[in-house]
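[1] what follows is a predicted structure for the sequence shown.
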There are 2 protein chains.
Amino acid sequence: MKDEREMTRVLKEPEERKAEIMDTAQELFHIKGYEATTISDILEKAGIARGTFYYYFKSKDEIMNAVIERGIAEQIQTLMPIVENNNLNALEKLKQLIVENDRKNAENADMLAYLHQPENIVMHQKSLIQGVHQSAPLIAQIIRQGIEEGRFHTEYSLELAEFILVGTSFLFDSSIFHWEREEYSARMKALADILETTLRTEQGCFKFLHLLAKKT
Amino acid sequence: MKDEREMTRVLKEPEERKAEIMDTAQELFHIKGYEATTISDILEKAGIARGTFYYYFKSKDEIMNAVIERGIAEQIQTLMPIVENNNLNALEKLKQLIVENDRKNAENADMLAYLHQPENIVMHQKSLIQGVHQSAPLIAQIIRQGIEEGRFHTEYSLELAEFILVGTSFLFDSSIFHWEREEYSARMKALADILETTLRTEQGCFKFLHLLAKKT
C-alpha cells in the first residue's frame, strides 16, 4: 500500500510541476503579452532553475502551445455536459453549444482581450487553430448523431465541421474582421443558411442565429 | 495644353514617389522579413529623408497595409479577364478562377514563402484578410450572374462569398493548417459539396475540385 502511494507521488509530481510552470507562463503572457515575456521572466516568477524549465519545454513556443492546448481543452470540457446529454437531439445540442459558447465568450471578453493585442497575434492565431482542431471532432460527432436521427444529411461530417469552425472563428473574430452591427447580422443570417444547406436539413432549423445576431 | 501637362506632372509625381517607397519597403519585407525591417532601413535603401516617408505614411504598419493592398489588387487584376469574359457562364468563371488562382499560387510559391515565416505572421494574416475583402465582391458578382442564369440560388451572395473565401484561405494555407495528401483531398471534396449545397446548384458542378485535390 505504502509502495503504491509513493509511486503515485513520484509519478504525479512532474505533471504538477509542469502545470505550475504553465500557470506562471500563462499569467505572464496575460499580463506582459506573449512577445514581451522571456523564459527568464518565467524562471524568476516560478522560482525554478533554467534546467527545470528545459526538462519540460523545449522553447517559449512550446510552452505557449501547451498553455493554449490546455486552455482550449478546459473550455471544451465545460461544454461536454451538452455534448454528452442523452436527452438532447443533435439540433438541440448544436443550438445549446452555440448559445453557451457565445455567452462564455461575452463573459470572458476582458480575459480574452489580451489575445487581440497586436503583439499576441501568434498566440491568438494558434489559439484559433487549436480551437478548430479540438472542437471539430465533437461537432462531427453531433452531426453524425443528426444523420442517425434522419435530421442531417452529409458525407463529410468532420470536414464540414472544420470548414464551419474555420469560417466562423476567423470571420466573427473582432480583431480580424471588423463588422458594423448590420453587417454582423447579415453574416449570421448567412451562417444559418449555410448550416441548413450543407447539412441538408429542414429550412429554419438554425433561425435562432438571427436572434443571436440581434443581441450582439 | 501646356498648363494641363504641367498639372498632370505635379499631380502624378507624389503618386510615383509613393509607389517607389512602397517598392523599396516590399523588397525589404521580402528579404529581411517584416519584423526585422525598420523605417530607417527603408529610408536608407530608398535614399529619402525621414520627412518624405512620413509625408506619405504614418507608420511601418501603414506602409505594410499599402504594400499588401497593392499586391492583392495586382493579383486580382490578372484574374479580371476571366471575371469580365462575356462568353463564360457563372460556373465556368468560378472554375477558371479557382484553377488559375491555384496555378498562380504554385508558380509564385517561392515568392510567397516569406509570408509563411513566423516573423511575418502579422503581414501574412493581413494579406489573407485583404484577399477576402477584395475578392468577395467579385465572387459575389459571379454568384449573382449565376442566379440570373437560373444556375445558383442564394439570398446571400456577398456573405456566402466571404464565408467560402475565409474558410478556404485559412483552411488551405499550408502555414496555418498542415494536411497530409489524403486529408487535403477529403477537404477539397467537402468543399465541392459545400459549394454545391450552399449555391443550391446541380450536384457534380464542382467535381473538378476532386481532380485539383489529386494534383497537389
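    Alright, I've got the coordinates. These figures come from a predicted structure and were not determined experimentally. Numbering: from 1, shown residues only, chains lettered A, B, ... in the order given.
[2] export stretch A:81-98 to CSV, keeping only CA atoms.
    Once non-C-alpha atoms are left out, stretch A:81-98 reads as follows in CSV (Å, rounded to 0.1, in the frame of the first residue of the first chain):
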residue,chain,number,x,y,z
PRO,A,81,-22.3,18.2,-20.5
ILE,A,82,-24.2,19.4,-23.6
VAL,A,83,-22.4,17.0,-26.0
GLU,A,84,-23.0,14.0,-23.7
ASN,A,85,-26.6,14.8,-22.7
ASN,A,86,-28.6,11.8,-23.9
ASN,A,87,-31.8,13.8,-23.6
LEU,A,88,-30.9,16.2,-26.4
ASN,A,89,-31.2,15.6,-30.1
ALA,A,90,-28.4,16.7,-32.5
LEU,A,91,-30.0,20.0,-33.4
GLU,A,92,-30.7,20.9,-29.7
LYS,A,93,-27.0,20.1,-28.9
LEU,A,94,-25.7,22.4,-31.7
LYS,A,95,-28.0,25.1,-30.6
GLN,A,96,-27.1,24.9,-26.9
LEU,A,97,-23.3,24.7,-27.8
ILE,A,98,-23.5,27.8,-30.0
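[3] buried residues of it, list them for me.
    For stretch A:81-98, the neighbour count (16 or more other C-beta atoms under 10 Å in any protein chain shown) marks A:Ile82, A:Val83, A:Leu88, A:Ala90, A:Leu91, A:Lys93, A:Leu94, A:Lys95, A:Gln96, A:Leu97, A:Ile98 as buried. From N, CA and C alone the C-beta is placed, and that goes for glycine too.
[4] once you drop chain neighbours, what's closest to the second one?
    For A:Val83, ignoring the flanking residues on the chain, the nearest one in space by C-beta to C-beta, 6 or more residues apart in numbering or on different chains is A:Leu138 at 5.5 Å.
[5] toward the C-terminus, what is the element adjacent to the strand or helix carrying A:Lys95?
    Using DSSP states H and E, A:Lys95 sits in helix A:90-107. Counting by DSSP H and E, the next helix or strand C-terminal to helix A:90-107 is helix A:109-112.
[6] show residues contacting that next one.
    Helix A:109-112 has contacts (C-beta atoms under 8 Å, 6 or more residues apart in numbering or on different chains) with A:His30, A:Asn105.
[7] report the buried residues of it.
    Neighbour-count burial for helix A:109-112 flags A:Leu112 (criterion: 16+ other C-beta under 10 Å).
[8] just the element for the closest residue to A:Thr168 other than its chain neighbours, please.
    Take A:Thr168 and drop its neighbours on the chain: the residue closest to it by C-beta to C-beta, 6+ apart is A:Leu191, 6.7 Å away. Using DSSP H and E, A:Leu191 sits in helix A:181-198.
[9] next, the angle from that helix to helix B:181-198.
    Counting by axes from the mean of the first three to the mean of the last three C-alpha atoms, to 10 degrees, helix A:181-198 lies at 110 degrees to helix B:181-198.
[10] get me the contact residues on chain A for chain B.
    Residues of chain A found near chain B (C-beta under 8 Å from any C-beta of the partner chain) are A:118, A:121-122, A:125, A:129, A:132, A:154-156, A:159-160, A:162-164, A:166-167, A:170-171, A:176-177, A:186-187, A:189-191, A:193-194, A:197-198, A:200.
[11] mind giving me the PyMOL select for the residues you listed, buried ones only?
    The buried residues among the residues of chain A next to chain B can be selected in PyMOL (16+ other C-beta under 10 Å) with this line:
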select buried, chain A and resi 121+122+125+129+132+154+156+159+160+162+163+164+166+167+170+171+176+177+186+187+189+190+191+193+194+197+198
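[12] where does chain A have its least confident helix or strand?
    Ranking every helix and strand in chain A by mean pLDDT, DSSP states H and E puts helix A:109-112 at the bottom, with a mean of 76.
[13] okay, the angle between the helix or strand following it and helix A:181-198?
    The C-terminal neighbour of helix A:109-112 among helices and strands, as given by DSSP H and E, is helix A:121-148. With the same axes, to 10 degrees applied, the angle from helix A:121-148 to helix A:181-198 works out at 40 degrees.
[14] number of nearby residues for A:Gln117?
    Other residues near A:Gln117 come to 14 when the count uses other C-beta atoms under 10 Å in any protein chain shown.
[15] which strands and helices lie in contact with the helix holding A:Lys95?
    Helices and strands touching helix A:90-107, by 3 or more C-beta pairs under 8 Å, 6 or more residues apart in numbering or on different chains; DSSP states H and E, are helix A:60-83, helix A:121-148, helix A:208-215.
[16] can you state the direction angle for whichever helix or strand comes after the longest one and helix A:121-148?
    Toward the C-terminus, helix A:121-148 is succeeded by helix A:157-171 as the next helix or strand (DSSP H and E). Compare the direction of helix A:157-171 with that of helix A:121-148 by the same axes, to 10 degrees and you get 140 degrees.
[17] average model confidence for helix A:157-171?
    Average pLDDT, helix A:157-171: 95.
[18] for stretch A:20-28, same thing?
    95.
[19] buried stuff in that stretch?
    Buried-residue list, stretch A:20-28, by 16+ other C-beta under 10 Å: A:Ile21, A:Met22, A:Thr24, A:Ala25, A:Gln26, A:Leu28.
[20] tabulate these (TSV), appending secondary structure.
    As requested, the buried residues of stretch A:20-28 are arranged in TSV below (DSSP: H, G, I helix; E, B strand; the rest coil):
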residue	secondary structure
A:Ile21	helix
A:Met22	helix
A:Thr24	helix
A:Ala25	helix
A:Gln26	helix
A:Leu28	helix
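[21] just those residues now: which is nearest chain B?
    Proximity of the buried residues of stretch A:20-28 to chain B (C-beta to the nearest C-beta) peaks at A:Ala25, which lies at 18.4 Å.
[22] in this structure that closest one contacts A:Ile39, no?
    No: in this structure, A:Ala25 is not within contact of A:Ile39 by C-beta atoms under 8 Å, at 9.1 Å.
[23] what residue spans form the domains of chain A?
    The record's domain parsing of chain A by automatic domain parsing lists A:1-57, A:60-215.
[24] which of these comes out lowest on mean pLDDT?
    Ranked by mean pLDDT, these bottom out at domain A:1-57, with a mean of 85.
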